[in-house]
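Visitor: Just the structure for this:
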Amino acid sequence: MSVFPINLYGDKILRSKTTPVKNIDDKLISQITEMFDTMRNANGMGLAANQVGLDKSIFVIDLTVVKGYEKTKPMVFINPKITSSSDDTVVLEEGCLSIPDLRADVIRPSLIEVVYYDADMKEVKLEASDWLARVIQHENDHLNGIYFTDKVDDETKKKLKKNLIKIKNRKIDIDYLVTEKSK
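Guide: This is a model prediction of the structure:
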């Protein structure tokens, strides 16, 4: 198993919009495998390419650790686009491998439709709800330079600020491989 170091809050690449993938080759397949390894090593359920320093519009999801999703196959999303979302919303607590040990309630649509390419570059249209919709939206936000902390109310942002600075400055204990502090 090979893992990438994970970029943390404040690293420039996490605020950049990722570049669409034009073709899949052996190197990309290897990177996708390494993304799954990295995500699982850090006990995550989703990971975007820019979280591991790759400027590619890709994220991976494995929800088998979530009750009710134990038999769901791990998924790779290449060049995803959320094409519609419900007016109905749900508030759930979110966390992030790039923002370790911080959690906050985030309001998101309860149902979405997403179009993406799989690892064979076959177009897939998926209607997702519940946790799957939540994780897709969270990871898709990463590809657009958005943190879940951008979606919380101002009072919550104030409460998180001190800890976000600690994360940015690598002044926290993390039990998985992370990048050095970016300049």
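
Visitor: Going by C-alpha atoms from here, please, whenever you check contacts or count neighbours.
Guide: Noted.

Visitor: Quick check: residue 150 is in a helix.
Guide: Yes. Using DSSP: H, G, I helix; E, B strand; the rest coil, the assignment for residue 150 is a helix.

Visitor: Against residue 45, how distant is it?
Guide: According to CA to CA, to the nearest Å, residue 150 stands 20 Å off from residue 45.

Visitor: Please apply the same query to residue 147.
Guide: 16 Å.

Visitor: same question, residue 152
Guide: Distance of residue 152 to residue 45, given as CA to CA: 21 Å.

Visitor: Looking at those two, which one has more neighbours?
Guide: Neighbours of residue 152 and residue 45, each counted by other CA atoms under 10 Å, are more numerous for residue 45; the result is 21 against 15.

Visitor: Which parts of this protein are helices?
Guide: Using DSSP state H, the helices found in the chain span residues 26-41, 130-143, 154-168.

Visitor: Give me whichever of those is most buried.
Guide: Scoring these by mean neighbour count under mean count of other CA atoms under 10 Å gives helix 130-143 as the most buried, with a mean of 22.

Visitor: Which residue lies nearest the spatial centre of this structure?
Guide: By CA atoms, centre = their mean, the chain has its centre lying nearest to residue 139, at 3.1 Å.

Visitor: in the sheet, who's paired with residue 116?
Guide: residue 124 (DSSP bridges).

Visitor: Surely residue 82 and residue 114 touch.
Guide: Yes. Contact status for residue 82 versus residue 114: in contact at 4.2 Å, counting by CA atoms under 8 Å.

Visitor: the more surrounded of the two?
Guide: Higher neighbour count among residue 82 and residue 114: residue 114, with 20 against 16, using other CA under 10 Å.

Visitor: Please give me every residue in contact with that one.
Guide: Counting by CA atoms under 8 Å, 6 or more residues apart in numbering, residue 114 touches 80-84, 125-128.

Visitor: so what's it scoring on pLDDT?
Guide: As predicted, residue 114 sits at a pLDDT of 98.

Visitor: Contact partners for the nearest residue to residue 177 once chain neighbours are set aside?
Guide: Excluding its sequence neighbours, the residue lying closest to residue 177 (CA to CA, 6 or more residues apart in numbering) is residue 5, at 4.8 Å. When the contact criterion is CA under 8 Å, 6+ apart, the partners of residue 5 are 38, 52, 176-179.

Visitor: Put the buried members of those residues into a ChimeraX selection.
Guide: ChimeraX command restricting the contacts of residue 5 to the buried ones, with burial defined by 16 or more other CA atoms under 10 Å:
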select :38,52,176,178
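
Visitor: how about TSV for the contacts of residue 5, with distance to residue 157 added?
Guide: Shown next, in TSV, are those (distance: CA to CA, whole Å):
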residue	distance to residue 157
38	28
52	25
176	25
177	26
178	24
179	24
